[in-house]
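Peer 1: please work out how this folds:
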Amino acid sequence: MDQAERKMLPFPSPATAPPPSGGPPPSGPSSRRRCRSPLEEVVDELCGLDVHELADVLRYAQRVRAVRGDKPTPELVSHVVDAVGRLFPTHRAGVPLSLVRAGLPSVPRTLLDKALLEAETRQLLRLEPVKLPAPFVEIGAGIQHEKGLLYFALPR
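Peer 2: Residues are numbered from 1 along each chain as shown. Take a look at the predicted model:
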């Protein structure tokens, strides 16, 4: 077997494999890599890149996110469901959407509204419309929808 054929093998052939040491298994950093998360592997790969390559990776990630659009991530949907669940004991008639928004101030309103609608689609929450005219209801605080002005969120 020549050198080119050996490079094509997915694992070392017995002729090229290092001889067994007969000692205990290695206990260095390489032995701990068996149970690594994908995130740890990505970080290790990124640490080996130079600044120009990191800029390319950043541009690629930004393009991927731009193509995906402003869809709510599963993590955001979970945060929204959690916020409604925490606020519900003190708001039994329904948690006003303005309170959910106040609990997640760093999330843009349109993205938060999409996360609320996604949670309802997945049957994690129930969004209830308000009957207008209603006292103490700000029309701008709800979500305009075919069911009416969605103003309250309830856990399922």
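Peer 1: from the centroid of this protein, which residue is nearest?
Peer 2: In the chain, the C-alpha nearest the mean C-alpha coordinate belongs to Glu75, at 4.3 Å (C-alpha atoms, centre = their mean).
Peer 1: got the phi/psi numbers for that residue?
Peer 2: Main-chain torsions, Glu75, degrees, to the nearest 10: phi -60, psi -40.
Peer 1: please tell me the pLDDT value assigned to it.
Peer 2: For Glu75, the pLDDT comes out at 90.
Peer 1: buried set for the lengthiest helix in the chain?
Peer 2: Counting by DSSP state H, the longest helix found in the chain is helix 51-68. Residues of helix 51-68 classed as buried: none (neighbour count, 16 or more other C-beta atoms under 10 Å). For glycine as for every other residue, the C-beta is placed from the backbone atoms N, C-alpha and C.
Peer 1: so for that helix, mean pLDDT?
Peer 2: Averaging pLDDT along helix 51-68 gives 83.
Peer 1: check stretch 103-115 too.
Peer 2: When pLDDT is averaged over stretch 103-115, the result is 90.
Peer 1: counting contacts, what elements does the longest helix of the chain pack onto?
Peer 2: Packed against helix 51-68, as judged by 3 or more C-beta pairs under 8 Å, 6 or more residues apart in numbering; DSSP states H and E, are no other helices or strands.
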